[in-house]
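Student: Everything below, folded, please.
(chains A and B)
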Amino acid sequence: MGATPSGLIADLVDVVGAGACLHRAEELFVYECDGLTLHRARPSAVVLPRDTDQVARVVKACRRAGVPFVARGAGTGLSGGALALENGVVIECARMDRVLELDPLERLAVVQPGVINAHLSELAAPHGLFYAPDPSSQAACTIGGNVAENSGGPHTLKYGTTTNHVLALEMVLPDGEVVRMGSAVAWDSGYDLVGVVVGSEGTLGVVTEVTVRLVPRPDAVETLLAIFPDVVSACRAVGAVIKAGLLPAALEIVDRRTIEAVEASVYAAGLPRDAGAVLLAELDGPRAAVTREVERVRALCDESGAARVEVARDEAERQRFWGARKGAFGAMGRLAPDLYVHDAVVPRPKLPEVLEAVCAIGDRYGLKLSNVFHAGDGNLHPNISFDRRDPDELARVLAAGEEILRTCVEAGGVISGEHGIGTEKRDFMGLLFDEEDLEPMRRLRAAFDPDGVSNPGKIFPTTRFCVESNPKARGYDGVPL
Amino acid sequence: MNIDPEKLRRALGAEVVEAWPDAALDAALETGVDGVKPPLTLRPGDGAALVEALRVLRDEGAAALVCGGGTRLGVGNPPRRGDVLLRTDALAGIRELDGDEGVACVGAGTPLAELAAAAEDAGWELPLASPGAAATVGGCIASASVAPRVLCHGAPRDHVLGMRVAHPSGERSACGGRVVKNVTGYDLMKLHTGAFGTLGVVEEAWVRLRPRPEERAVLHAWLPDSAEGFARGMRAAALPSARAVALVDPALAARVAEEEPVGGRWLLVAELGAASTTLADDRARFAEGLDVRSGDDATLARLTALQDGPGSARGMRFRLAVRPTRLDAAAAPLVNAGAVVMAWPGTPFLYAGFPLFEGADELTVDDAFRAARVGARAGGGSLVLEAAPVWAKRGRDVFGEPPSAFSVMRAVKERFDPHGVLNPGRFVGGI
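Tutor: Sure thing, here's the model as predicted:
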């Protein structure tokens, strides 16, 4: 870590106050990583502004000092996106947590970036509305973080990801100017800047206000739990549902290894331990339509080899089913001290063969690999449980991860569906994009941030030919063992 | 400037370079593209030829007016220049249509109608639509064009999964992919969707298809006035099976219903689509207290054609995008100013046409603009002057006032097309 330029801390304190500027080593440990603990970088300082003006002044102070900055929400990201590389300053948005407007008639809310995802839906609930994107971390993650990563969740199959729900943004550009883009109407003349800022991982500036769409709660919701002898037949059922033109709210698969971990944990939902996989299917909409679709999905599961299909009898049982799904990552803690979550997406008809290949890769490398994923979107989450203190196991984890990504890309897929590229996958961008493809992305970045000071070191490969097999080129040399 | 046709033929091949006027567009472009008549037409047959054409144009300091089927060429500010008309219609063809996945990869010049038919054959529905039989997939994406089913399908931006784009810098770049969920790199598809070809030329795109409803019904009914029309329209749009709802001014209604309205009545049209039980319920709710007639796809086609109807070469047509809850408030000042209107309840869209009679002048145009601005403001939204004679566009921005982040938009244009090869002057704020 380099030295903090003299005067920067004093400038930051001047903007946010001493109590909102952290700069002593013991205060900075917690900001060394996000949910991807493999990558670490200690910031030179962390500021906790309360409003847009403070963010703009912090950005200007960083510019004067020649120090990069990165916005951070709750730090639940899984790709190293919130790491402050190059001795940068973290702009922590936790104190920008006000809901500025909630308009049930217009079905929209205006929020500061630090508002927690689930809190927004709780506030909207009395009006019969909810905020649709629901990442598994929704009890902790923030709307600002969701905007940066274009977060998804189990219900994006029907409702879309964050980008489908953000109408307008206020943003501090990397030169400190405050601009607004988009509007409550969402059909504005000019380039769709909201569309490119959502999912840009904080590399285009700092979002300071978000106008989001709220969605009416459906009349009826039914949740099915289909038990399959193996994960491949569960994948076939997903393909059959999609091909039939049905659009469930969610189609989630949990495999046997995950079931074992869940059932041995506080998230136990009474899932059968001898099942090869379970498919959680949720249907919502008008009562008559849902009733009919439940029967169609049940039939397609039966045809695909389901041992049995259960329908949640009441809300308590529905919540229990979902508890098992959403608690899966927490339950993984029983398997090993560390967890590496992948996020590739493949065409849904390819799910059976890709899942087989992914499991075979895990076995070949002697790893504990389990799958709990958004099958309806084709969005895989192979989870590798490991102990990073074991260098040999860590090397196998990284090698298997690369092989999994290559397998998914060869099947017509991509390397990230909702977690983002960050530092984690930046050097795998070359699997999909060559220099000619990356050049327009660099141009877009330069239009917002010509000097590259907003969250540098993310998304773009660090090597010209992108994919290198040596861990150093991929940023793993800093892994503390 | 005049670009040397022989030089272009040598660089691009004789088959790519044709003389203006383009026969297929001749009728639509009697006066050129808002008064600019490029002397040459370039019609590249593949992506390599497309990007080579852009590179040559850049090197020659020339400007291209980009054109798909030519159905939306009237939307835009008068170009600053236009040395060639760059047609994308030869970049046509359905490269892949995956009926298991519900996605398709198509050349930009593919007619929307061709892709829609292929999607239907495979059991899916194309969520992109635009008025005009010649409309292409690339043109629809570039202009973010909509049709009445925007109520159920949403915006074009939500259906474009991936793209290959040709740039004046000489690159052919890919972004996105064929999968339905993707955060791998910047979402450049959204940047190009609705950019009117000012940043790059879309060569091909992956688009998402949607499930088709089991059954559909097209219904229409006459309403005594616009107030009841808007109220009924909003209720219709809230029905679970609503796919398209339109409220049509008495002056235009006969062109959809094929019968003359009695006593200045407004026409409410709705398309519903769902499984039979839901459809029956919604049909009954739509019909409560109304004398409802059944229509068909031809009714919808006539409705879509109205998007080109209010306003013409002899008139002005505005499209307002306002808060759906304020459509009626936005329409009022336009109706009061003598416009004929069509609104799509449940969506942000309102079309308003002003005739330009003989003797119309700048004051007439100013009055129409003023009414459209008042309407847009009352609706909390914005306006685009979609059609007008070129003299009525000059000195005005057809896209309304530049948005707050215009400086960023200009910077984006500078980075993507620093030499101003693509549609110079046609977009927001003269971009």
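
Student: Let me know the secondary structure of the residue in the stretch 51-200 of chain B positioned nearest to chain A.
Tutor: In the stretch 51-200 of chain B, the residue found nearest to chain A is B:Lys190; the distance is 2.8 Å by CB to the nearest CB. Glycine gets a C-beta too; all of them are placed from N, C-alpha and C. At B:Lys190, secondary structure determined by DSSP: H, G, I helix; E, B strand; the rest coil is helix.

Student: For burial, what's the neighbour tally of it?
Tutor: Residues near B:Lys190, counting by other CB atoms under 10 Å in any protein chain shown, number 27.

Student: got a list of contacts for whatever helix or strand B:Gly375 lives in?
Tutor: Under the criterion of DSSP states H and E, B:Gly375 resides in helix B:362-378. With contact meaning CB atoms under 8 Å, 6 or more residues apart in numbering or on different chains, helix B:362-378 is reached by B:316, B:318, B:320, B:322, B:326, B:329-334, B:336-337, B:339, B:350, B:352, B:354, B:356, B:382-383, B:385, B:388, B:392, B:396, B:400.

Student: now the helix or strand of chain B with the lowest mean pLDDT: how far from the chain's centre is it?
Tutor: When each helix and strand of chain B is scored by mean pLDDT, DSSP states H and E, strand B:17-19 comes last, with a mean of 84. Centre-to-centre, strand B:17-19 and its host chain are 27 Å apart (CA atoms, centre = their mean, to the nearest Å).

Student: Mind checking what helix or strand follows that strand in sequence?
Tutor: Assigned by DSSP H and E, the successor of strand B:17-19 is strand B:40-42.

Student: average model confidence for that next one?
Tutor: For strand B:40-42, mean pLDDT is 93.

Student: could you say what helices and strands the helix or strand hosting A:Val46 packs with?
Tutor: A:Val46 is located in strand A:45-47, with elements delineated by DSSP H and E. Using 3 or more CB pairs under 8 Å, 6 or more residues apart in numbering or on different chains; DSSP states H and E, the elements in contact with strand A:45-47 are helix A:8-16, strand A:21-22, helix A:25-28, strand A:89-92.

Student: And the first one, what's buried?
Tutor: What that stands for is helix A:8-16. A:Leu8, A:Ile9, A:Asp11, A:Leu12, A:Val13, A:Val15, A:Val16 (16 or more other CB atoms under 10 Å in any protein chain shown).

Student: ok, and the closest non-adjacent residue to the fifth one?
Tutor: Excluding its sequence neighbours, the residue lying closest to A:Val13 (CB to CB, 6 or more residues apart in numbering or on different chains) is A:Cys21, at 4.8 Å.

Student: Does that neighbour touch A:Ser44 like I think?
Tutor: No. If you go by CB atoms under 8 Å, A:Cys21 and A:Ser44 don't touch, sitting 11.1 Å apart.

Student: just checking, next helix/strand downstream of the helix holding B:Gly375?
Tutor: strand B:382-387.

Student: Remind me what the helix or strand of chain A with the lowest mean pLDDT packs against, helices and strands.
Tutor: One helix or strand of chain A scores below all others by mean pLDDT, DSSP H and E: helix A:328-331, with a mean of 84. Secondary-structure packing of helix A:328-331 (3+ CB pairs under 8 Å, 6+ apart): helix A:256-263.

Student: Identify all contacting residues around the helix it packs on.
Tutor: Taking CB under 8 Å, 6+ apart as the rule, helix A:256-263 contacts A:231, A:254, A:268-273, A:275-278, A:324, A:327-328, A:331-332, A:334-335, A:368-372, A:383.

Student: repeat for stretch B:417-431
Tutor: Residues from elsewhere that reach stretch B:417-431 (CB under 8 Å, 6+ apart): A:189-190, B:34, B:54, B:57-58, B:61-66, B:76-81, B:167-168, B:195-201, B:397, B:399, B:402-403, B:406, B:409-410, B:413.

Student: Which residue is the nearest non-sequential neighbour of the closest residue to chain B within the stretch 151-300 of chain A?
Tutor: Residue of the stretch 151-300 of chain A nearest chain B, by CB to the nearest CB: A:Gly195 (2.8 Å). Residue nearest to A:Gly195 in three dimensions, not counting chain neighbours: B:Lys190, with 2.8 Å by CB to CB, 6+ apart.

Student: thought the one you found was touching A:Asn164?
Tutor: No. Using CB under 8 Å, B:Lys190 makes no contact with A:Asn164, being 10.9 Å away.

Student: returning to that earlier point: go through the buried residues of helix A:8-16 and say which is closest to B:Leu239.
Tutor: Set against B:Leu239, the nearest of those by CB to CB is A:Val16 (50.6 Å).

Student: OK, contacts around the closest one?
Tutor: Shown in contact with A:Val16 (CB under 8 Å, 6+ apart): A:Val47, A:Leu48, A:Pro49, A:Arg50, A:Gln54, A:Val58.

Student: measure it to chain B for me?
Tutor: Distance of A:Val16 to chain B, given as CB to the nearest CB, to the nearest Å: 26 Å.

Student: now do A:Leu444
Tutor: Remark: distance between A:Leu444 and chain B (CB to the nearest CB) = 6 Å.

Student: That residue contacts B:Asp187, correct?
Tutor: No. A:Leu444 is beyond contact range of B:Asp187, at 9.7 Å (criterion: CB under 8 Å).

Student: So for those two, which residues contact both of them?
Tutor: Residues touching both A:Leu444 and B:Asp187 (CB under 8 Å, 6+ apart) are A:Val196.

Student: check contacts around the residue nearest the centre of chain A.
Tutor: Using CA atoms, centre = their mean, the residue of chain A that lies closest to the mean C-alpha position is A:His419, 3.4 Å off. Residues near A:His419 by CB under 8 Å, 6+ apart: A:Gly77, A:Leu78, A:Ser79, A:Glu149, A:Val341, A:Asp343, B:Val183.

Student: Which residues of the stretch 351-481 of chain A lie near chain B?
Tutor: Counting by CB under 8 Å from any CB of the partner chain, the residues of the stretch 351-481 of chain A lying close to chain B are A:374, A:377-379, A:412-421, A:425, A:429, A:432-433, A:436-441, A:443-448, A:459.

Student: can you count the residues close to B:Ala133?
Tutor: Neighbouring residues of B:Ala133 were enumerated by other CB under 10 Å; the total is 11.

Student: wait, it sits on B:Ala116?
Tutor: No. Look at B:Ala133 against B:Ala116 with CB under 8 Å: they stay out of range, at 11.7 Å.

Student: low pLDDT regions in the stretch 1-150 of chain B?
Tutor: Low-confidence segments of the stretch 1-150 of chain B (pLDDT under 70): B:1-2, B:20-31.

Student: Shouldn't A:Asp284 be within a helix?
Tutor: No. Judged by three-state DSSP, A:Asp284 forms no part of a helix; its state is strand.

Student: Show me what it is bridged to.
Tutor: Beta-bridge pairing of A:Asp284 under DSSP bridges involves A:Val221.

Student: before we move on, back to that, which of the contacts of helix B:362-378 fall within helices?
Tutor: Among those, the residues falling in helices (DSSP state H) are B:Ala329, B:Ala330, B:Ala331, B:Ala332, B:Pro333, B:Leu334, B:Asn336, B:Ala392.

Student: one step back: now the angle from the helix holding B:Gly375 to helix B:327-336?
Tutor: Interaxial angle of helix B:362-378 relative to helix B:327-336 (axes from the mean of the first three to the mean of the last three CA atoms, to 10 degrees): 170 degrees.

Student: what's the offset of helix B:362-378 from the middle of its chain?
Tutor: In terms of CA atoms, centre = their mean, the gap separating the centre of helix B:362-378 from the centre of its chain is 22 Å.

Student: what's the answer for stretch A:227-247, then?
Tutor: Computed by CA atoms, centre = their mean, the chain-centroid distance of stretch A:227-247 equals 24 Å.

Student: I'd like the mean pLDDT over that stretch, please.
Tutor: The model assigns stretch A:227-247 a mean pLDDT of 95.

Student: got the residue ranges for the helices in the stretch 151-300 of chain A?
Tutor: A:156-159, A:193-197, A:231-243, A:256-263, A:287-303 (DSSP state H, counting those that start in this stretch).
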